[in-house]
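Asks: Based on what follows, work out the 3D shape:
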Amino acid sequence: MATIITTTNPLGISAGALARLLAWLSPAYPVGAFSYSHGLEMAVEEGAVTNRVDLVTYVEAGLRLGAGSVDGGLLALSWRAAMTGDSETLDGLTELAAAWRGTKELALEAMQPGTAFASVTLSAWPEPRLAAFSARHAGRLTHAVACGAAAAFHDIPLREACFGWLNAFAANIVSAGVRLVPLGQTDGQIATAALLPAVAAATDAALAITSPDELGSASPVLDLFSMRHETQYTRLFRS
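Replies: Prediction:
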């Protein structure tokens, strides 16, 4: 019997686009995201996160109220601007994303992977519009904006791109928690599964944003952990 290979999945995303998205958001993609904990390292040292339930709560706060809530919206807005060829709006979103960071380390956590993402993606999947966009903002691309623009240029649907990016954001903090708390690998997977509703809700919230004026965050405790992490005596992570 002949094997039939379909070119689309039930979600309507092409096999090629799905393959690119899975590669871009894989922990193996060389953007350095594994080296950041989003302030979690300080939270663990101070006893604010001591178990799996605490870890899930911490990541949920980041998704609903912190960087996740801002970056999800920025990714969606950047995707739409790139998809319509609105370079002026895309450039403005890039600058806004670069400025919208509560601490020095959270800025590094957004910018270094963004720069690496653009470089690696252009090497593996060359795309002239992404190349021009990256050249205009060398060293100034945040991860969410770079991924949103790249997804549009490569015809990856917005919902899948946004959900995937936010899921990867959450999974990266969980991975840091597995090492820091520490937790077992199974506990890490249970935490990741428990975060699925929060990732889905954050995706819906991001897709509902139609203007930068609607963006906002309210996670001062996470920012304070990040600030204190800058002077933490011994550190495994860069944020």
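
Asks: what about P27, how many neighbours?
Replies: By other CB atoms under 10 Å, the residues close to P27 number 11. Bear in mind the C-beta positions are built from the backbone N, C-alpha and C, glycine included.

Asks: ok, now L236?
Replies: 11.

Asks: Buried residues in the longest helix anywhere in the chain, which are they?
Replies: In terms of residue count, the longest helix belonging to the chain (DSSP state H) is helix 158-180. Residues 158-180 are the ones in helix 158-180 that count as buried (16 or more other CB atoms under 10 Å).

Asks: One more: stretch 121-136?
Replies: 121-122, 129-130, 133-134.

Asks: of all those, which two lie farthest apart?
Replies: Maximum pairwise distance in those, criterion CB to CB, is 12.1 Å, between T121 and R129.

Asks: Distance check, G139 against A171.
Replies: Distance, G139 to A171, by CB to CB, to the nearest Å: 26 Å.

Asks: cool, T142 as well?
Replies: Applying CB to CB to T142 and A171 gives a distance of 18 Å.

Asks: Helices of the chain, residue ranges please.
Replies: 15-24, 40-45, 52-64, 67-83, 87-99, 104-124, 128-136, 143-153, 158-180, 185-194, 196-207, 220-229.

Asks: Need the ones you listed in TSV (columns: mean pLDDT and distance to V31).
Replies: Output for those, formatted as TSV (pLDDT from 0 to 100; distance: least, CB to CB, whole Å):
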stretch	mean pLDDT	distance to V31
helix 15-24	95	9
helix 40-45	96	18
helix 52-64	97	18
helix 67-83	97	14
helix 87-99	96	16
helix 104-124	96	4
helix 128-136	98	14
helix 143-153	98	7
helix 158-180	97	10
helix 185-194	97	19
helix 196-207	97	19
helix 220-229	92	19
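
Asks: Of those, give the one that comes closest to R235.
Replies: Nearest of these (CB to CB): helix 40-45, 6.1 Å.

Asks: now what about that closest one, what contacts it?
Replies: Applying CB atoms under 8 Å, 6 or more residues apart in numbering, the contact partners of helix 40-45 are 49-50, 55, 58, 173, 176-177, 180-181, 225-226, 228-229, 232, 235-237, 239.

Asks: Just the buried subset of the residues you listed, please.
Replies: With burial judged by 16+ other CB under 10 Å, the buried subset of those is 49, 55, 58, 173, 176-177, 180-181, 225-226, 228-229, 237, 239.

Asks: follow-up on the earlier one: buried deepest among the helices of the chain, which one?
Replies: The highest average neighbour count among those, using mean count of other CB atoms under 10 Å, belongs to helix 143-153 at a mean of 28.

Asks: What is the neighbour count of T210?
Replies: T210 - counted by other CB under 10 Å - has 11 other residues nearby.

Asks: measure it to G39 for me?
Replies: For T210 relative to G39 (CB to CB), the value is 30 Å.

Asks: Report the contact partners of the spatially closest residue to T50 that is not a sequence neighbour.
Replies: Among residues not flanking T50 along the chain, V181 sits closest, at 6.7 Å (CB to CB, 6 or more residues apart in numbering). Contacts for V181 (CB under 8 Å, 6+ apart) come out as 44, 49-52, 55.

Asks: ok, so of those residues, who is nearest L63?
Replies: L55 (12.7 Å).
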